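**Student:** below is the sequence, then the predicted model.
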Amino acid sequence: MSRAAAPTGRQHPSRRVADRLLSWASVIDAATLAQAETTASLPFIYPHVALMPDAHLGKGATVGSVIPTLAAIIPAAVGVDIGCGMIALRTQLERDDLSGRDLRALRLSIEAAVPTSAGAHNTTLSPSAERRAHDLEDRAEEDYTRFAANWRLQLGTLGSGNHFIEVSFDEEDAVWLFLHSGSRGVGNKIAQHHIKVAQRLMNQYWVSLPDPDLAYLAEGTDEFSAYIRDLRWAQHFALLNREEMMDRVTACVEAWVGEPVVERQRINCHHNFTERERHFGKDVWLSRKGAIKATTGTPGVIPGSMGTASYVVVGKGNALALHSSPHGAGRSHSRSAARRKFTAAQLRESMRGIEYRDTTAFLDEIPAAYKDIDQVMADATDLVEVRHTLRQLVNVKGD
């Protein structure tokens, strides 16, 4: 099997920014670096924070950072979309099998099958979503309807922002189905709840922090245990949510091409999560906020922005990077700044040749609002090996 060539770009080795901060980002602003330095200065960080090439400002902790902590967890350093990630499925179909077909019809069928946009949900549970809901109910040690009454109906829904569904092809013209989403409203509410709990405890025990969103929970407390319980449930919700959507997208493609889709490869990976791991001789809680696990040989997916390439990769197990890699392109302009700076005509030009819903609602997702994905991948040369490069044919997003 031939492999995709690694993207070209100025390669940038890791560098030590501070005593406990290493960065792989060649393109990064001063405010993001300062935020990461603040996180790295916390006394329970060990051995260091690893800043990925796609790093940008986040809530409390930088998006695109890998944060190892001893006997504590910072809920905001996991992120508010717990378990957000990607799923990619390589099919037996080739690009020629799609040639001459109505891509708009496929896009519309996907949009009809998968509710998109913030707050969107199903009106009824499909049989597959019902099975997944039962799985989540069996795992639940808490009544999660108190966070989101309709969480069951959100199984199989996309959301908005940078979440997407795509039909793409690789360098061998193999067709891939690919999507990005997380734990939806229930995961967000769970995260916000535990961030507030941590902040309340900091105030209660007179703990002074450089940023209130760096509030943490101490291992061994009831509050810590409750967070881990809810976090793991939300991570599983996010995984099942992606699988439910992929089932629906697959069914849409099957109806459109008139033949079954054969699954050649499947990758499902989180990029907002915490795991117990061992690094540099100590057991830590490793929070990847906008980063994927990249242990040696571990498959992953690194999406570009709307209209650009995405990459199927395997990890290289870089110890200094805490066995992690970037999760995407990373924003270079805020959403409000992108709306002021770019035009609908520029978005349309960047999406030339790709079937998508032509609306100014996606203006803040224009590729120019993100870092150059090829530069991000060049910076990640010692973190991952590129196996496939994906180019978009169809893009589905929520507004």
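**Tutor:** Good, I have the coordinates.

**Student:** you'd agree residue 184 is up against residue 157?
**Tutor:** Yes: contact criterion CB atoms under 8 Å: residue 184 and residue 157 qualify, at 6.2 Å. Where you see a C-beta, it was placed from the backbone N, CA and C, and this is true even at glycine.

**Student:** show me the common contact partners of these two, please.
**Tutor:** residue 241 (CB atoms under 8 Å, 6 or more residues apart in numbering).

**Student:** higher neighbour count, those two?
**Tutor:** Higher neighbour count among residue 184 and residue 157: residue 184, with 31 against 23, using other CB atoms under 10 Å.

**Student:** so what's that one up against?
**Tutor:** Counting by CB under 8 Å, 6+ apart, residue 184 has contacts 148, 151, 154, 157, 159, 237, 238, 241.

**Student:** tell me the buried residues within those.
**Tutor:** Using 16 or more other CB atoms under 10 Å as the burial test, those include 148, 151, 154, 157, 159, 237, 238, 241 as buried.

**Student:** which element follows whichever helix in the chain runs longest toward the C-terminus?
**Tutor:** Assignment by DSSP state H gives helix 222-257 as the longest helix of the chain. Next helix or strand after helix 222-257 toward the C-terminus (DSSP states H and E): strand 263-270.

**Student:** which residues sit against the next helix or strand after that following strand?
**Tutor:** The first helix or strand that comes after strand 263-270 along the chain, using DSSP H and E, is strand 272-279. Identification of contacts with strand 272-279 by CB under 8 Å, 6+ apart yields 46-47, 68, 73, 78-79, 81-85, 182, 228, 231, 235, 283-290, 293, 319, 322-323.

**Student:** and strand 272-279, how far out from the chain middle?
**Tutor:** From the chain centre to the centre of strand 272-279 is a distance of 16 Å (CA atoms, centre = their mean, to the nearest Å).

**Student:** next SSE downstream of it?
**Tutor:** strand 282-289.

**Student:** number of nearby residues for residue 272?
**Tutor:** Count around residue 272 with other CB under 10 Å applied: 28.

**Student:** what's opposite it in the beta bridge?
**Tutor:** residue 289 (DSSP bridges).

**Student:** contacting residues for the residue nearest to residue 148 when sequence neighbours are not counted?
**Tutor:** Spatial nearest neighbour of residue 148, excluding adjacent residues (CB to CB, 6 or more residues apart in numbering): residue 186 at 3.9 Å. Counting by CB under 8 Å, 6+ apart, residue 186 touches 144, 147, 148, 151, 154, 234, 237.
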